[in-house]
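Undergrad: Give me the fold of what follows.
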Amino acid sequence: MRLALLLILSLVATDCLAFTMGDAINISGRQRMLSQRIAQTYLLKAIQPDVVHHQKRLDRAVNEFQRNLTTLQAFEEAQSLQPQLRLVANLWQDYKILAQAPVSKESAEKLLMLSNQVLTEAHTYVQQLQTLANHSSAELVNISGRQRMLSQRIAKNYLAYYWEINKEGSLSNLFADLEEFQNKLEYLMASPYNTGEINQKLEKTMGHFEYASKGFDGEMRIQGKRLVDVTIGTTDTMLYNMDGITKLYAAVLDAEQNK
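TA: Next up is the predicted model:
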């Protein structure tokens with residue numbers, strides 16, 4: 001029993017020692033994404049109440065946000081940024097309670113507002129980490145991580161529009177997010193730090209993005225529940241691709257800082 005406990009403590013210590021600035025920017029960037037994924041999954045529960053796995057998806061996102069917050073709070077290299085992280089943590093407590101409450105349109109409106117507030121403060125923390133890292137490649141980790149968030153905010157804004165929550169505002173935000181996603185993707189594709197693997201993943205993401213855009217522009221000639229399914233499936237694929245790209249950029253940052 002004592003040997004097992006020592007082994008666990010050893011593994012925890014090793015993980016803490018291995019946690020880098022690239023990891024921190026990546027994980028804090030995931031907090032931005034999770035703030036939007038939680039909201040869009042909450043909306044999915046309302047739109048598709050009979051789909052059981054939406055609750056599991058929501059639970060996973062909530063649990064990961066909490067784990068990531070704990071990890072970032074323990075990151076020694078960024079202790080000077082704790083005041084900003086406390087702002088995120090304080091907003092998170094209210095957001096988590098609302099996300100885990102029964103679904104209603106009234107609660108959804110409050111949840112969407114809080115999702116934007118959590119996102120704003122989480123983004124500020126990522127920006128502060130990027131400044132602390134003090135290397136040009138840190139920007140790539142930040143931007144590619146923000147693309148993960150945009151994939152989920154695109155889905156969130158479409159679902160809000162579909163469920164008729166601030167329809168005009170939701171639609172306007174949706175197309176603004178689509179424009180930002182495309183612009184930033186093109187920016188990343190031009191980076192001199194890109195490897196062959198990064199370029200391949202970026203090109204694949206562009207293909208999925210263009211497919212999703214056709215749905216919103218009406219070119220796919222689908223609507224209603226079918227478009228909900230296509231939107232979630234495509235934006236999740238975009239998220240998966242951008243997550244892999246962000247990890248690759250984090251590795252580039254760590255390699256550059258270790259030179």
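
Undergrad: So residue 174 is in contact with residue 157, correct?
TA: Yes: under the criterion of Cβ atoms under 8 Å, residue 174 is in contact with residue 157, at a separation of 4.1 Å. Where you see a C-beta, it was placed from the backbone N, CA and C, and this is true even at glycine.

Undergrad: what about the two, which has more around it?
TA: More neighbours surround residue 157 than the other of residue 174 and residue 157, with 27 against 21 (other Cβ atoms under 10 Å).

Undergrad: Okay, and the more buried one sits in which element?
TA: Take DSSP states H and E as the rule and residue 157 turns out to sit in helix 136-162.

Undergrad: same for that helix, what does it pack against?
TA: Using 3 or more Cβ pairs under 8 Å, 6 or more residues apart in numbering; DSSP states H and E as the contact criterion, the neighbours of helix 136-162 among helices and strands are helix 21-47, helix 105-133, helix 167-189, helix 196-217, helix 224-257.

Undergrad: where does the protein have low pLDDT?
TA: 1-17, 218-223, 259 (pLDDT under 70).

Undergrad: how about 80 then?
TA: Residue ranges of the chain with pLDDT under 80: 1-18, 136, 215-225, 256-259.

Undergrad: List the buried residues for the helix holding residue 157?
TA: With burial defined by 16 or more other Cβ atoms under 10 Å, the residues of helix 136-162 counted as buried are 137-162.

Undergrad: gap between the residue nearest the centre of the chain and residue 172?
TA: For the chain, the residue lying nearest the average C-alpha position, counting by Cα atoms, centre = their mean, turns out to be residue 33 (1.5 Å). From residue 33 across to residue 172, the span is 21 Å (Cβ to Cβ, to the nearest Å).

Undergrad: cool, and residue 140?
TA: From residue 140 over to residue 172 the distance is 29 Å, taken as Cβ to Cβ.

Undergrad: same deal with residue 236?
TA: For residue 236, the distance to residue 172 - Cβ to Cβ - is 23 Å.

Undergrad: Of these two, give the one with the bigger neighbour count.
TA: Legend: neighbour count by other Cβ under 10 Å for residue 236 and residue 172, higher for residue 236 (16 against 13).

Undergrad: which residues sit in contact with the more buried one?
TA: 151, 155 (Cβ atoms under 8 Å, 6 or more residues apart in numbering).
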